[in-house]
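[1] I need the structure of the sequence given here:
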Amino acid sequence: MQRPRWSQFGELRRLLPLVAAALLVAALAFPMWHIRMDAVQYPSETLSLGLYAYPRISGDYVEIARLNSYIGFYYPDPVFWPPNYEPHPDAIDVPEWSLGPLAFVGVAATSLFVAVAPTATKLRRGLTAQLIGSVTVFAVLLADIQYRLYQAGHTLDPDAPVMGVDPFMPPLWGKYAVANITSYSRFGVGAYLTMAAIGLLVAAWLVRDSTATVRDVPRLLRGLPDHVKARVPGTEVER
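    This is a model prediction of the structure:
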């Protein structure tokens, strides 16, 4: 079976998918989403929460669960994988949360598989398929998260102590207020590592026809403006 030479793994089109795979696996060790919360019940501190790609919540999850219970908003129940908190009986089921690590490890494994493609032709095809597949997987995950946030915010417990709270959808990024609780949502380190991995896969795809290595990065960056102009109709490239 034909295999790439060790020296070929210095090429960006093979090296970058390997680095992307490492970032995707590392992303599982960090929160994907952060929430900071201010409430009158805690006047001297800001509570924080970190949510991972698998059923784990870090930070002040006990205190925040107590606050959320006033309006009938509960942490989701992963169903297939016991989380590090006790799900409320009325919590919505989110079975796909338990399968999150499979998506990250699967995309990482695909990156490794593409990087060892035996020929340049198969490598180019693999990089294209890998990029399309990875973007699709994470776009689906993002859409699913948005749907679950909408579902959780629109299925508030009618027997909660604070009555008359309007349904809402917590944003992935931004500020929102419910009753006397103000929350601030931000992406976590895990999300940024995932974005960086996708960026590396895009870069690998852009240099799929080149044998450029890390040493060629400065030259590639200097030529990037002309490359962009060459692809934009009506622009001229300086000679």
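[2] Skipping adjacent residues, who's closest to residue 90 in space?
    residue 157 (5.3 Å; CB to CB, 6 or more residues apart in numbering). Every residue, glycine included, has its C-beta placed from N, CA and C.
[3] any idea how far residue 63 is from that neighbour?
    According to CB to CB, to the nearest Å, residue 157 and residue 63 sit 19 Å apart.
[4] Then residue 214?
    Taking CB to CB, one finds residue 214 at 47 Å from residue 63.
[5] out of the two, which sits in the busier spot?
    residue 63 (17 against 11; other CB atoms under 10 Å).
[6] For that one, which non-adjacent residue is closest in space?
    That would be residue 47: by CB to CB, 6+ apart, it lies 5.5 Å from residue 63.
[7] Can you name the residues bridging to the one you found?
    Residue 47 has these beta-bridge partners by DSSP bridges: residue 37.
[8] Quickly note the distance from it to residue 156.
    Note on residue 47: its distance to residue 156, by CB to CB, is 20 Å.
[9] how about the helices of this structure, start to end?
    Using DSSP state H, the helices found in the chain span residues 12-27, 61-71, 100-115, 120-153, 189-206, 217-231.
[10] In contact with the most centrally placed residue in the chain: list those residues for me.
    Most central in the chain under CA atoms, centre = their mean is residue 191, positioned 4.0 Å from the mean C-alpha point. Counting by CB atoms under 8 Å, 6 or more residues apart in numbering, residue 191 touches 27, 32, 33.
[11] can you do 6 Å?
    residue 32 (CB atoms under 6 Å, 6 or more residues apart in numbering).
[12] re earlier: the residue nearest to residue 90 contacts residue 74, doesn't it?
    No - with contact defined as CB atoms under 6 Å, residue 157 does not reach residue 74; the gap is 7.3 Å.
[13] And the two? Which one has more around it.
    residue 74 (21 against 18).
[14] how far away is the residue nearest to the centre of the chain from residue 185?
    11 Å.
[15] do residue 137 as well
    Taking CB to CB, one finds residue 137 at 22 Å from residue 185.
[16] Looking at the two now, which is surrounded by more residues?
    residue 185 (19 against 15).
[17] Contacts only, for that one.
    By CB under 6 Å, 6+ apart, the neighbours of residue 185 are 35, 171, 172, 173, 174.
[18] Got a PyMOL select line for the buried ones in those residues?
    In PyMOL, selecting the buried portion of those, with burial taken from 16 or more other CB atoms under 10 Å, looks like this:
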select buried, resi 35
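[19] Now render the contacts of residue 185 as TSV, adding distance to residue 210.
    Below are those laid out as TSV (distance: CB to CB, whole Å):
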residue	distance to residue 210
35	43
171	40
172	36
173	35
174	40
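[20] What residues sit buried inside stretch 125-143?
    Under the neighbour-count criterion of 16+ other CB under 10 Å, stretch 125-143 has 126, 127, 130, 131, 134, 138, 141 buried.
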